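Peer 1: based on what follows, work out the 3D shape:
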Amino acid sequence: MISVPNEDIRLIMEAGYLYLGMYRFKEAQQVFEGVAPLVPKSEVPLVSLGNVYCVQAKFDQAITCYKKALKIQPKSAFAKSYLGEALFFKGDKEKALKALEEASKLDPKGKSGDFARSLTELIHSGFVPPDPKEVMKRASQQTQQK
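Peer 2: The predicted structure follows:
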């Protein structure tokens, strides 16, 4: 196992999120896939990888990543809340609400719990996610503009 200082891991992860923000999905994916083996006890790189897929409306792949993250850290409100988000955007509202409720209970006063509660409120308010094809169309347009 290669030992990499935590600060270096954070910088590499930040690079992945920069790529994601620039819609450079392949590069973001490569960064997060590369970091995951360096921190095998952390769910964060797998959640980040799931986010790459979720942004592209590849919800099944995102859900797989979030579930792998939960195998590493079963009580991760961070992974559970993003799992709920992906399930909702995939169209599985009931499973999404269950995951979000669990995330909220795991993190009653933290950011992941806040995210889960906000998304739960959004769902209960009647929000309907956009069609995944439209999401990808907009992402593709953003990529072409850059």
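
Peer 1: now the helices for this structure?
Peer 2: 6-21, 25-35, 44-55, 59-72, 77-90, 93-106, 111-124, 132-145 (DSSP state H).

Peer 1: the second one packs against which elements?
Peer 2: When contacts are defined as 3 or more Cβ pairs under 8 Å, 6 or more residues apart in numbering; DSSP states H and E, helix 25-35 packs onto helix 6-21, helix 44-55. For glycine as for every other residue, the C-beta is placed from the backbone atoms N, C-alpha and C.

Peer 1: any idea how far it is from the middle of the chain?
Peer 2: For helix 25-35, the separation from the chain centroid amounts to 13 Å (computed by Cα atoms, centre = their mean, to the nearest Å).

Peer 1: now do the buried residues in it.
Peer 2: Going by neighbour count (16 or more other Cβ atoms under 10 Å), the buried part of helix 25-35 is 25, 27-29, 31-33, 35.

Peer 1: of those, just say which sits nearest to Gly50.
Peer 2: Phe32 (8.8 Å; Cβ to Cβ).

Peer 1: any stretches of the chain with poor pLDDT?
Peer 2: Scanning the chain for pLDDT under 70 picks out 1, 135, 139-140, 142-146.
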